[in-house]
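Trainee: 3D model of this:
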Amino acid sequence: MRAPSMSMDEGLIPEGTSVPYGRLINTRDPSEARARTQELLKNVHSMKVLERGSPFQARVEYRKLNGIGLMASGYGPAVEISCTPPISDVCVNFVFGGTMLIDEGSTGEATAVAGPARAAVFCFPETVSMRWSPGLRQLMLTVDKALIDRCLRNLLNEPLHAPLRFETEMDLKRGGQGITAAIRTLQRALEQCGKAGPPPVLAKEIEHGILTALLLGQRHNYTDRIFSAQPLPAPRVVRRVVELIESSPDAAFTVADLAEFAGVSERSLHSAFRRQLGTSPMSYVRRHRLEQVHEELLIADPSTGVKVTDVALRHGFTHTGRFAAAYKERFGESPSATMRR
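Mentor: Below you'll find the predicted structure:
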């Protein structure tokens with residue numbers, strides 16, 4: 001199953017997008033669609049078809065990568081879906097071909113709207129009801145709350161004093177570009193890596209990209225604290241992190257892992273790397289991974305079927321064009337030329 005080509009127009013995620021190698025629900029029975037979707041998401045929700053005269057046809061695709069999930073869904077006629085806590089995920093809903101009216105708290109009146117230019121972010125502190133217009137299709141990102149809370153604690157370098165709460169409406173033309181780009185990267189990796197899924201290094205890169213894009217791009221009750229001034233760590237902290245990176249060539253580090261190891265916030269570690277080494281922590285990690293790819297390609301035997309793309313993916317490089325450019329800039333030749341040598 002191939003994902004559609006990516007577009008930068010209208011919401012930044014292409015209409016009709018699918019989930020590569022996802023689990024499929026295809027049924028005309030609303031009760032079956034609700035029950036099976038509920039099993040996939042592991043939460044309780046209700047669904048009511050609002051247009052009995054129109055044919056119902058549920059098509060749902062879902063795939064989960066560790067704590068990150070992606071679901072594409074459509075039902076045909078207008079429907080109302082209500083989700084009741086406890087729900088263990090934060091969900092980001094992208095809407096195509098219609099409008100979603102959102103009622104948070106069961107007031108009976110719409111408190112937010114999702115459409116071509118706006119997505120919706122739900123933390124589910126209380127019941128959320130969504131009214132889908134006829135023909136609406138949705139792409140939904142699900143993020144485990146424990147995962148995003150850990151990332152937030154690393155950004156702050158302090159405990160959370162209250163549950164994380166995002167603003168519901170996400171402007172896709174302004175703050176939403178980062179999260180949509182991260183989702184496109186996830187789709188590309190799911191397509192290229194097939195049913196087996198991305199290797200651990202790449203999976204952690206994608207996971208961290210989604211978490212930070214969401215926490216930094218969409219306003220929430222900790223936004224001001226994240227962007228407040230923080231003291232820079234001592235030079236020895238950067239040295240310890242560099243030693244860790246270079247002594248663990250097979251580790252799937254993210255900046256969150258490095259900050260947790262150093263005992264500082266991600267932002268402080270980033271600033272310290274910039275000041276002392278002129279680069280970011282992850283740029284340093286990627287440069288180290290390029291060295292690993294280079295060493296592996298030097299001893300690779302093309303006659304055994306080794307492919308440059310497979311080596312790059314194993315070391316966390318999902319975009320072949322950017323990988324090839326970075327490799328040539330670093331080593332003065334293409335990856336394939338290195339392997340031929």
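Trainee: contacting residues for the nearest residue to residue 88 once chain neighbours are set aside?
Mentor: Of all residues not flanking residue 88 in the chain, residue 145 sits nearest, at 5.6 Å (Cβ to Cβ, 6 or more residues apart in numbering). Bear in mind the C-beta positions are built from the backbone N, C-alpha and C, glycine included. For residue 145, the contact set (Cβ atoms under 8 Å, 6 or more residues apart in numbering) comprises 88, 89, 90, 123, 164.
Trainee: which ones among these map onto strands?
Mentor: Secondary structure from DSSP state E places 89, 90 of these in strands.
Trainee: let's have the contacts of residue 145 in a markdown table, adding neighbour count and distance to residue 38.
Mentor: As requested, the contacts of residue 145 are exported to a markdown table (neighbours: other Cβ atoms under 10 Å; distance: Cβ to Cβ, whole Å):
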| residue | neighbour count | distance to residue 38 |
| --- | --- | --- |
| 88 | 16 | 13 |
| 89 | 24 | 13 |
| 90 | 24 | 18 |
| 123 | 21 | 19 |
| 164 | 16 | 24 |
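Trainee: between the contacts of residue 145, which sits nearest residue 153?
Mentor: residue 164 (10.2 Å; Cβ to Cβ).
Trainee: any idea how far residue 299 is from that closest one?
Mentor: Shown here: residue 164 relative to residue 299, a distance of 46 Å by Cβ to Cβ, to the nearest Å.
Trainee: how about the strands in the stretch 51-200 of the chain?
Mentor: 58-65, 68-74, 79-83, 89-96, 100-104, 112-114, 118-122, 128-132, 137-144, 169-171 (DSSP state E, counting those that start in this stretch).
Trainee: roughly how far is the fourth one from the heart of the chain?
Mentor: So the one you mean is strand 89-96. 12 Å (Cα atoms, centre = their mean, to the nearest Å).
Trainee: tell me what it is packed against?
Mentor: Judged by 3 or more Cβ pairs under 8 Å, 6 or more residues apart in numbering; DSSP states H and E, strand 89-96 is in contact with strand 112-114, strand 118-122, strand 137-144, helix 145-156.
Trainee: from the chain's centroid, how far away is the third one?
Mentor: Which is strand 137-144. Distance of strand 137-144 from the chain centroid (Cα atoms, centre = their mean) equals 10 Å.
Trainee: assign residue 46 to helix, strand or coil.
Mentor: Classification of residue 46 by DSSP: H, G, I helix; E, B strand; the rest coil places it in strand.
Trainee: identify the bridge partners of it.
Mentor: residue 82 (DSSP bridges).
Trainee: so where's this structure shaky on pLDDT?
Mentor: In the predicted model of the chain, residues 1-16, 106-108, 229-232 satisfy pLDDT under 70.
Trainee: where do the helices sit along it?
Mentor: Secondary structure of the chain (DSSP state H): helices located at 30-41, 145-156, 177-193, 200-217, 223-226, 235-247, 255-262, 266-277, 281-299, 308-314, 320-331, 335-340.
Trainee: and those helices: which comes nearest residue 128?
Mentor: Closest among those, once you apply Cβ to Cβ, is helix 30-41, at 13.2 Å.
Trainee: I'd say residue 282 and residue 255 touch.
Mentor: Yes: assessed by Cβ atoms under 8 Å, residue 282 is found in contact with residue 255 at 5.3 Å.
Trainee: okay, those two: which has more neighbours?
Mentor: More neighbours surround residue 255 than the other of residue 282 and residue 255, with 22 against 19 (other Cβ atoms under 10 Å).
Trainee: mind checking how far the more buried one is from residue 63?
Mentor: Counting by Cβ to Cβ, the gap from residue 255 to residue 63 is 25 Å.
Trainee: same deal with residue 20?
Mentor: Where residue 63 is concerned, residue 20 sits at a distance of 7 Å (Cβ to Cβ).
Trainee: what does residue 155 give?
Mentor: 27 Å.
Trainee: can you check residue 217 too?
Mentor: For residue 217 relative to residue 63 (Cβ to Cβ), the value is 23 Å.
Trainee: residue 294 reaches residue 327, doesn't it?
Mentor: Yes: shown here, residue 294 and residue 327 form a contact pair, counting by Cβ under 8 Å, at 7.4 Å.
Trainee: of those two, who's got more company?
Mentor: A count of neighbours by other Cβ under 10 Å puts residue 327 above the other of residue 294 and residue 327, at 23 against 16.
Trainee: for that one, what are its contacts?
Mentor: Shown in contact with residue 327 (Cβ under 8 Å, 6+ apart): 290, 293, 294, 334, 335.
Trainee: could you redo the last one with a cut-off of 7 Å?
Mentor: 290, 293, 335 (Cβ atoms under 7 Å, 6 or more residues apart in numbering).
Trainee: just give the number of residues close to the residue nearest to the first one when sequence neighbours are not counted.
Mentor: In space, not counting the residues next to it along the chain, residue 290 is nearest to residue 330; the distance is 5.4 Å by Cβ to Cβ, 6+ apart. In terms of burial, residue 330 registers 14 neighbours under the definition other Cβ under 10 Å.
Trainee: what number of residues lie near residue 97?
Mentor: 15.
Trainee: how close does it get to residue 180?
Mentor: Separation of residue 97 from residue 180 (Cβ to Cβ) stands at 17 Å.
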